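Q: sequence-free structure coming up:
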């Protein structure tokens, strides 16, 4: 059985990390699985880039810029610039040897100049079984990656709140119609990483007639594992006697990631008796003036590329906080739990499927900054009494261990080939 996975990158972004982990898990089961990407960042032999020349790299950049510039006349504000994808330009992958030789084609996240809707249509028309793991909502909306509470995708999109001039036949409605025509009679199966996303897909007019299955993402539990908190702090040069709150995101100022609510929650903690013991550690794209906005001392790690550094960060922290307003199945939450570090988060997306409230973390109501502060306080004051570490680790071993996930995908593949 030959399975080719398609994602824009093998390491950059949450979907890329998840796709790589799925392929790696499948290969442990002796499945002939490979990953076809535009941007290869790892040294894995099973990852193949389609960029073979400087001309190819220029084309990828041109495709990305073309899509962004095409959206500018329609965008309502800058915050939605990367939250809505047109997928007008991309590479034709339908004739690629890895695609032609595959028994099953497995799609992941391919926007930003890698694969266009036209390119997707060409793949769908090959007639091969196609699995599409959804890492956001884009596959069943008129263009947004997360709808922000809008439910127009349940009918036919249109009147899009992300567009400058929303109308019944606006850009989202036209793109929705185009997808509808493409999906009709296509040999397509959707896989959602969370039950939350599966329920949304089932409610959409684009996906409700397509087979949908939920399979959680895996994580390497040998790599992301508990270690000495003191040793981890020493390796990172972090204070040994502080209560460390960890937060991280690709871009911490992405409105969906909830930085403003996190700051509100942290301000609530300034009233606690242990306020002088709190230290913040933040990783990801961070503005230079971030420390001025925070009520506690902070160490800014910026972009972390080394896995061992990430593992040390999770092990060094007393808790990881996730103030996201919308998220599917965040890798950061899974990584933290695998290292035995509890989570304080809002009850959103697939997070409740990962975090058992009161056992391996605390879940506050959506947007409730005071509730999030209560969650952080609960974990910090009960860390010694509750064995969060063991509960967090066990949760991951039961639900996200690579062999468990790979077996579910293998069963799906076999059913499609029959």
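A: Happy to help now that I have it. Keep in mind that what you see is a predicted model, and the values were worked out from it rather than measured. Numbers count the residues shown, from 1 in each chain.

Q: so where do the strands sit in this structure?
A: Here the chain has its strands, by DSSP state E, at 2-6, 32-37, 47-49, 104-107, 130-134, 188-192, 212-214, 243-251, 278-285, 298-302, 319-322, 343-346, 361-364.

Q: so residue 250 sits against residue 286, correct?
A: No. Between residue 250 and residue 286 there is no contact under C-beta atoms under 8 Å: 10.8 Å. For the C-beta atoms, the positions are set from N, CA and C on the backbone; glycine is no exception.

Q: more neighbours: which of these two?
A: Neighbour tally, residue 250 and residue 286, criterion other C-beta atoms under 10 Å: the higher count belongs to residue 286, 21 against 14.

Q: kindly tell me how buried residue 87 is, as a neighbour count.
A: By other C-beta under 10 Å, neighbour count at residue 87 equals 23.

Q: swap in residue 397?
A: Neighbours of residue 397 (other C-beta under 10 Å): 14.

Q: regarding this structure, what is its longest helix?
A: helix 54-71 (DSSP state H).

Q: and that one, how far out from the chain middle?
A: 23 Å (C-alpha atoms, centre = their mean, to the nearest Å).

Q: coming back round to it: output the strands of the chain as TSV; include the columns distance to residue 264 and mean pLDDT.
A: Formatted as TSV, these follow (distance: least, C-beta to C-beta, whole Å; pLDDT from 0 to 100):
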stretch	distance to residue 264	mean pLDDT
strand 2-6	40	98
strand 32-37	38	98
strand 47-49	41	98
strand 104-107	38	98
strand 130-134	31	98
strand 188-192	31	98
strand 212-214	33	97
strand 243-251	13	94
strand 278-285	14	94
strand 298-302	16	92
strand 319-322	12	98
strand 343-346	12	98
strand 361-364	12	97
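
Q: so where's the stretch 251-400 of the chain shaky on pLDDT?
A: 385-386 (pLDDT under 70).

Q: quick one, helices of it?
A: Counting by DSSP state H, counting those that start in this stretch, the stretch 251-400 of the chain has helices at residues 259-269, 290-293, 307-316, 331-338, 351-354, 369-382, 388-399.

Q: of all those, which lies closest to residue 155?
A: helix 351-354 (27.3 Å; C-beta to C-beta).

Q: and that closest one, what other elements does it pack with?
A: helix 195-203, helix 331-338, strand 343-346, helix 388-399 (3 or more C-beta pairs under 8 Å, 6 or more residues apart in numbering; DSSP states H and E).

Q: ok so, going back, buried residues, the longest helix of the chain. List them.
A: Buried positions in helix 54-71, judged by neighbour count with 16 or more other C-beta atoms under 10 Å: 59-60, 63-64, 66-68, 71.

Q: can you check stretch 78-96 too?
A: By 16+ other C-beta under 10 Å, the buried positions in stretch 78-96 come out as 80, 83-87, 89-91, 93-94, 96.

Q: off-centre distance for that stretch?
A: 17 Å.

Q: end to end, how far does that stretch reach?
A: 36 Å (C-alpha to C-alpha, to the nearest Å).

Q: what's the model's confidence in that stretch, averaged?
A: Summarised as a single mean, pLDDT over stretch 78-96 is 92.

Q: what does stretch 292-307 contact?
A: Contact with stretch 292-307 is made by 223, 238, 245, 248, 263, 266-267, 269-270, 275, 278-286, 290-291, 309-310, 313, as judged by C-beta atoms under 8 Å, 6 or more residues apart in numbering.

Q: likewise stretch 54-61?
A: Contacts of stretch 54-61 with the rest of the structure, by C-beta under 8 Å, 6+ apart, involve 38-39, 50-51, 91, 113-114.

Q: closest one of these to residue 11?
A: Proximity of the contacts of stretch 54-61 to residue 11 was ranked by C-beta to C-beta; the top entry is residue 39 with 8.3 Å.

Q: beta partners of the closest one?
A: For residue 39, the beta-bridge partners under DSSP bridges are residue 9.

Q: hmm, residue 47 and it touching each other?
A: No. Using C-beta under 8 Å, residue 39 is not in contact with residue 47, being 10.0 Å away.

Q: mutual contacts of these two, please.
A: Counting by C-beta under 8 Å, 6+ apart, the residues touching both residue 39 and residue 47 are residue 10.

Q: dump the residue contacts of residue 155.
A: residue 205.

Q: that one and residue 177: what is the separation?
A: Residue 155 sits 12 Å away from residue 177 when distances are taken as C-beta to C-beta, to the nearest Å.

Q: shared neighbours, those two?
A: By C-beta under 8 Å, 6+ apart, no residue touches both residue 155 and residue 177.

Q: residue 172 - nearest residue in space that isn't next to it in sequence?
A: residue 142 (3.0 Å; C-beta to C-beta, 6 or more residues apart in numbering).

Q: against residue 207, how distant is the nearest residue to residue 391 once chain neighbours are set aside?
A: Using C-beta to C-beta, 6+ apart and skipping the chain neighbours, the partner closest in space to residue 391 is residue 360 (4.4 Å). Computed as C-beta to C-beta, the residue 360 to residue 207 distance reads 31 Å.
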